[in-house]
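Asks: here are the coordinates; sequence isn't available:
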């Protein structure tokens, strides 16, 4: 027998209310909180593993991951990975990427789907990215004098 030195009560233990079930299909606002380059299992390629923390409009605090191929023996897999990375980069507003740290801390919209798997169970899969800022109308050109007559002078 060994004494703990204090008493642990189940009433004091906070349960993790976050589910491991996939989040429902849809668009979510998210923040990239981790991004790192990993070698493939076969060791013949590399991918970027990205962690997204959902900010809303629902399922705040849930986490979704994706792997984006950047080097692969299969040219089609590499091409798809580059397209996915390009879409992600456009969504966060960067034109070039040389370090995965450039991704971390950025906000974007992610389109989440569910991938069916008998081996691993249903899992979330990211199918698209979009900017959260949207397109803004161009700012008025204040340098040119306005030719329009204000309504109160008519």
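Replies: All right, it came through fine. The model shown is predicted, which means the values in this text are computed figures rather than measured ones.

Asks: in terms of contact count, name the helices or strands touching the host helix or strand of residue 129.
Replies: Using DSSP states H and E, residue 129 sits in strand 123-130. Other elements packing on strand 123-130 under the criterion 3 or more Cβ pairs under 8 Å, 6 or more residues apart in numbering; DSSP states H and E are strand 63-71, helix 75-92, strand 107-115. The C-beta positions use only the backbone N, C-alpha and C, and glycine is treated the same way.

Asks: Could you export the ones you listed as a markdown table, including mean neighbour count?
Replies: Below are those laid out as a markdown table (neighbours: other Cβ atoms under 10 Å):
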| stretch | mean neighbour count |
| --- | --- |
| strand 63-71 | 17 |
| helix 75-92 | 16 |
| strand 107-115 | 17 |
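
Asks: Let me have those in CSV, extended by distance to residue 132 and mean pLDDT.
Replies: CSV is the format used below for those (distance: least, Cβ to Cβ, whole Å; pLDDT from 0 to 100):
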stretch, distance to residue 132, mean pLDDT
strand 63-71, 16, 96
helix 75-92, 8, 96
strand 107-115, 5, 96
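
Asks: Include distance to residue 22 when you put these into TSV, please.
Replies: Shown next, in TSV, are the helices and strands packed on strand 123-130 (distance: least, Cβ to Cβ, whole Å):
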stretch	distance to residue 22
strand 63-71	9
helix 75-92	19
strand 107-115	5
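
Asks: For residue 129, which of those is the nearest?
Replies: Of all the helices and strands packed on strand 123-130, the one in closest proximity to residue 129, counting by Cβ to Cβ, is helix 75-92 (3.9 Å).

Asks: could you say what helices and strands that closest one packs with?
Replies: strand 46-56, strand 63-71, strand 107-115, strand 123-130.

Asks: Tell me which of those strands sits nearest to residue 10.
Replies: strand 63-71 (26.3 Å).

Asks: Parallel or antiparallel, which strands does the closest one pair with?
Replies: Strand 63-71 has the following strand partners under DSSP bridges: strand 46-56 (antiparallel).

Asks: what angle sits between the strand it pairs with and strand 107-115?
Replies: Going by axes from the mean of the first three to the mean of the last three Cα atoms, to 10 degrees, strand 46-56 is angled at 100 degrees with respect to strand 107-115.
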